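Novice: Quick one: sequence plus predicted model below, questions after.
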Amino acid sequence: MSNYSQPTQRKRSPRGLGDQLRDEILTAARRLLAETGNVAGVSIRSVADLVGVSAPSIYRHFADKDALVDAVVSEVFTDLDNEMQRAASEAESAIDSLRAQGLAYVRFARTHPEQYRLATMLASESRRSVDDVLGTTAFHHFLAGIEACIGEGLFLPGSDPVQLALELWAAAHGVAALMVAKPYLPWGDPDEFADRVLRAACIGQAISDALGEPEPREFVSWLQGQRGN
């Protein structure tokens, strides 16, 4: 049985208001996804009921449920883009900007767990091609941050910014995915935990670059020498 009251029958939208109805459909789908916590809780019928239209009205804008969910996922990445830009705008240096964006990424995943899971953790030939992933705004923010850090000398000139951005994204996604999938683990303060992981990934790569990417045993010898052991 639906938890929602019966919708008020809505008149057909006047010509030119189709975009407004599409936005209302997306808003309803996002609301259902947030409230149910699972994509199974989103159906064409439930969205239609919430908006107050018939199911065929949904199909005039989205071919099927997958197309609707894909559009919701796209909106999620737009929101993530805004969060990362806001975090970067308050930073005083390239490394601070990179750190702030990484933390914003993890925080966004934690506060939008089902949307994040749909966007990044479900295999779908129609949803996530390699070009789509590399084209997401999150990746481009990390890439721009890495390029700025190369300009400031954190990473060596000639470093591959794409590879470094993917490594940082992998660290951020690893933390985010685990916190979404296993929220009951003893993370402590989640922001502090994420900061430690991202800081280690960033600084560790910078040190590795500076030392010529040594083997672990070579790095241990170097570190012991620095400590006077």
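Specialist: Perfect, thanks for sending it. Residues are numbered from 1 along each chain as shown.
Novice: for the chain, which spans come out with low pLDDT?
Specialist: 1-18, 121-135, 229 (pLDDT under 70).
Novice: Show me how it divides into domains.
Specialist: Annotated domains of the chain cover 1-62, 70-227 [automatic domain parsing].
Novice: could you dump these to JSON lines with mean neighbour count?
Specialist: C-beta coordinates here come from the backbone N, C-alpha and C atoms, glycine included. Formatted as JSON lines, those follow (neighbours: other C-beta atoms under 10 Å):
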{"stretch": "domain 1-62", "mean neighbour count": "15"}
{"stretch": "domain 70-227", "mean neighbour count": "16"}
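Novice: Touching the helix ranked longest in the chain from outside, list them.
Specialist: In the chain, taking DSSP state H as the definition, the longest helix is helix 65-89. Helix 65-89 is contacted from outside by 25-26, 29-30, 33, 39, 42-44, 47, 58, 62, 97, 100-101, 103-105, 107-108, 112, 115-116, 118-119, 124, 126-127, 136-138, 141, 145, using C-beta atoms under 8 Å, 6 or more residues apart in numbering.
Novice: Tell me what angle the helix or strand following it forms with helix 65-89.
Specialist: Note on helix 65-89: by DSSP states H and E, the next helix or strand toward the C-terminus is helix 94-111. For helix 94-111 against helix 65-89, the angle by axes from the mean of the first three to the mean of the last three C-alpha atoms, to 10 degrees is 140 degrees.
Novice: Okay, helices next: where are they in the chain?
Specialist: Counting by DSSP H, the helices of the chain are 18-36, 44-51, 55-59, 65-89, 94-111, 113-120, 130-134, 137-151, 161-181, 190-210, 216-227.
Novice: what's the angle between the fifth one and helix 161-181?
Specialist: Between helix 94-111 and helix 161-181, the angle comes out at 30 degrees (the same axes, to 10 degrees).
Novice: and helix 94-111, how far from the chain's centre?
Specialist: In terms of C-alpha atoms, centre = their mean, to the nearest Å, the centre of helix 94-111 is found 10 Å from the chain centre.
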